[in-house]
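A.B. asks: Here's a sequence, model it:
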Amino acid sequence: MTRLTSILFLLFAALPLWGQFKYVSKTPSRLYIPYREGNLWGYCDTLGQVLLPPRYDSVGFYDGWYCEGAVFKQDGLYGVLDYDFEEIITGYDASPGLPVKNDRYAIVTKKSRVGVVNTDNLAFIPIEFDSVSFEYLDFWNIVTRQNGKFGLYGRYGELRAIPQFDEVLPAYYFQEVYKLAGMVGRKKDTWYHIHADGKQTVVTTLTRRASRQPVVDKKQFDATHRDKISPAEKRQLESLEPELKSKYGISKILYNRVVGFSGGRYEYVLVQQNKKVALLNINSGNIHSAFFDDIIEMIGNGFDEVREVMEGEEVGQNQHPKYPSEVLLVREGKKYGMVTPKGQEVLPFVYDGFSEISDQTIVTHQKNKKGIIHLLTHYPPLPCRYDDIRYHKGLPVNKLWNFAIYQVSTNGRTGYVGENGVEYFKDK
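C.D. replies: Below you'll find the predicted structure:
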């Protein structure tokens, strides 16, 4: 994601939802939200106005940019609804695997056999396999598996190979055949290029194409690097300890307390002074914050750049993001709040704690209940009134702006709540 794209995403994510959305039939919008009354489910909009009165045992979300329906369950069987809430696929034993946009097929299960049906509920690929999967890299091959062997169908249901291969992979993966259409399949030690018409040609040599190394995301980095700095960084900070002690009265550098993830690494460690702690920049060795009883995390959300874009577009002041570009989650006494690094209060010290902290959302705790702070919205935090709450998904208002949906649990029941605080459920 480019820097400009990131800024635009934050810009649109931060803007409020001013009014009611207009729904257009068959338009991928993802703004249909599962709505529960008692034990039954239907759909509502972002303001909680009912679009489909609850009548199903369960319903799923419409993944509008990617597929053409939503899964429902009724009387133990599964099907698919279209955007007019018509049941276009019905009567299967497991939740259908939905296709991508413009190819209105679904992977279905009946009596432990798997196949593909179209939106007329007609078999597109026979329901007789152990598994079926779509391969989208090259001409939408559909891979079937039966008794440990793999076969192929084409995008329009044409049979290319009965299950006979020990392995099938896209031709794109291999240097010798990557420009060719179709797939490659292995029978024991022999590889075959499988053409679109089903013809098989022996390939004597196959070499895997080089691929880029995956980018390590924050969650993955946290799992392996939490509370760690490099030996070189630690030696550099140790050399600063005498100066820090004389200049700031620092009694200790807390090397096991690393916070402030940015650019693939942590930026700060905590330093202690008179039982209070502040942030120490790992690179510069400068004290970065005021002193608090404890600092849980520092979050940088890039809102300064967003404000520059907004001011350039002459966006009104009332549409500016709610939170500053850097915030700290801190403790003073027994209560937790949100402040700027210099100590200016952003959210009051009313919380009993924070958990599940990310650069977008923070779960808050108060009197054994949970709420949530969403950093990429203009709306206020959701109050602590739920037994459990977690970010579930974003519903695209457009390609740059997602509306956050949270899954909540209260009194043993689950439901959804929007970032605007509207509850999409009603307990009878």
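
A.B. asks: residue boundaries of the helices in this protein?
C.D. replies: Per DSSP state H, the chain carries helices over the ranges 3-14, 218-225, 231-248, 303-312.

A.B. asks: got a list of what residue 73 touches?
C.D. replies: 56-59, 79, 95 (C-beta atoms under 8 Å, 6 or more residues apart in numbering). C-betas here are computed from N, CA, C, even on glycine.

A.B. asks: just for the stretch 251-400 of the chain, where's the confidence low?
C.D. replies: Applying pLDDT under 70 to the stretch 251-400 of the chain flags the ranges 262-264, 301-322, 398-400.

A.B. asks: surely residue 372 meets residue 385?
C.D. replies: No: the criterion here is C-beta atoms under 8 Å, and residue 372 misses it with residue 385 at 10.7 Å.

A.B. asks: which residues touch residue 158?
C.D. replies: Counting by C-beta under 8 Å, 6+ apart, residue 158 has no contacts.

A.B. asks: re earlier: okay, residue 372 and residue 385: which has more neighbours?
C.D. replies: residue 372 (22 against 15; other C-beta atoms under 10 Å).

A.B. asks: out of everything not next to it in sequence, what's closest to that one?
C.D. replies: Spatially, and ignoring its direct neighbours in sequence, residue 372 is nearest to residue 382 (4.8 Å; C-beta to C-beta, 6 or more residues apart in numbering).

A.B. asks: Kindly provide the distance from that neighbour to residue 228.
C.D. replies: To residue 228, residue 382 is 33 Å away according to C-beta to C-beta, to the nearest Å.

A.B. asks: more crowded one of those two?
C.D. replies: residue 382 (25 against 13).

A.B. asks: Quick check: the gap between the more buried one and residue 46.
C.D. replies: 15 Å.

A.B. asks: Check residue 133 too.
C.D. replies: Distance, residue 133 to residue 46, using C-beta to C-beta: 34 Å.

A.B. asks: Please apply the same query to residue 237.
C.D. replies: 48 Å.

A.B. asks: now swap in residue 39 and tell me
C.D. replies: Taking C-beta to C-beta, one finds residue 39 at 23 Å from residue 46.

A.B. asks: between those two, who's got more neighbours?
C.D. replies: It is residue 46, of residue 39 and residue 46, that has more neighbours when counted by other C-beta under 10 Å, with 21 against 11.

A.B. asks: What does the pLDDT read for that one?
C.D. replies: For residue 46, the model assigns a pLDDT of 93.

A.B. asks: The residue found closest to it once you drop the neighbours it is linked to in the chain: what's it in contact with?
C.D. replies: Counting by C-beta to C-beta, 6+ apart, residue 46 lies nearest to residue 418, which is 5.6 Å off, once chain neighbours are set aside. Applying C-beta under 8 Å, 6+ apart, we find residue 418 in contact with 33, 46, 403-406, 424.

A.B. asks: for residue 267, same thing?
C.D. replies: Residue 267 neighbours (C-beta under 8 Å, 6+ apart): 259-261, 281-283, 298.

A.B. asks: Sort out which of those are buried, if you could.
C.D. replies: 259-261, 282, 298 (16 or more other C-beta atoms under 10 Å).

A.B. asks: Can you report how many residues lie near residue 34?
C.D. replies: Neighbours of residue 34 (other C-beta under 10 Å): 25.

A.B. asks: picking that back up, now the weakest link among the helices of the chain, please, by mean pLDDT.
C.D. replies: helix 3-14 (a mean of 38).

A.B. asks: quick one, phi/psi of residue 198?
C.D. replies: Torsion angles at residue 198 (phi, psi; degrees, to the nearest 10) stand at phi 90, psi -10.

A.B. asks: what separates it from residue 238, distance-wise?
C.D. replies: For residue 198, the distance to residue 238 - C-beta to C-beta - is 68 Å.

A.B. asks: Looking at the two now, which is surrounded by more residues?
C.D. replies: residue 198 (14 against 11).

A.B. asks: got the contact list for the closest residue in space to that one that isn't next to it in sequence?
C.D. replies: Nearest residue to residue 198, sequence neighbours excluded (C-beta to C-beta, 6+ apart): residue 160, at 4.6 Å. By C-beta under 8 Å, 6+ apart, the residues touching residue 160 are 141, 151-154, 182, 194-198.

A.B. asks: I'd assumed residue 372 was in contact with residue 360.
C.D. replies: No: look at residue 360 against residue 372 with C-beta under 8 Å: they stay out of range, at 10.1 Å.

A.B. asks: Name all residues that sit in contact with those two at the same time.
C.D. replies: residue 391.

A.B. asks: before we move on, the earlier item: save the buried ones among the contacts of residue 267 as CSV, and put in distance to residue 325 too.
C.D. replies: Listed next are those as CSV, based on distance: C-beta to C-beta, whole Å:
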residue, distance to residue 325
259, 16
260, 13
261, 15
282, 19
298, 11
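
A.B. asks: Of these, just say which sits nearest to residue 188.
C.D. replies: residue 261 (48.1 Å; C-beta to C-beta).

A.B. asks: on that earlier part again, filter the contacts of residue 73 down to just the ones in strands.
C.D. replies: Among the contacts of residue 73, the subset assigned to strands under DSSP state E consists of 56, 58-59, 79.

A.B. asks: before we move on, the earlier item: now the contacts of residue 73: which count as buried?
C.D. replies: 56, 59, 79, 95.

A.B. asks: So in terms of bridging, what pairs with residue 338?
C.D. replies: Note on residue 338: beta-bridge partners by DSSP bridges are residue 329, residue 347.
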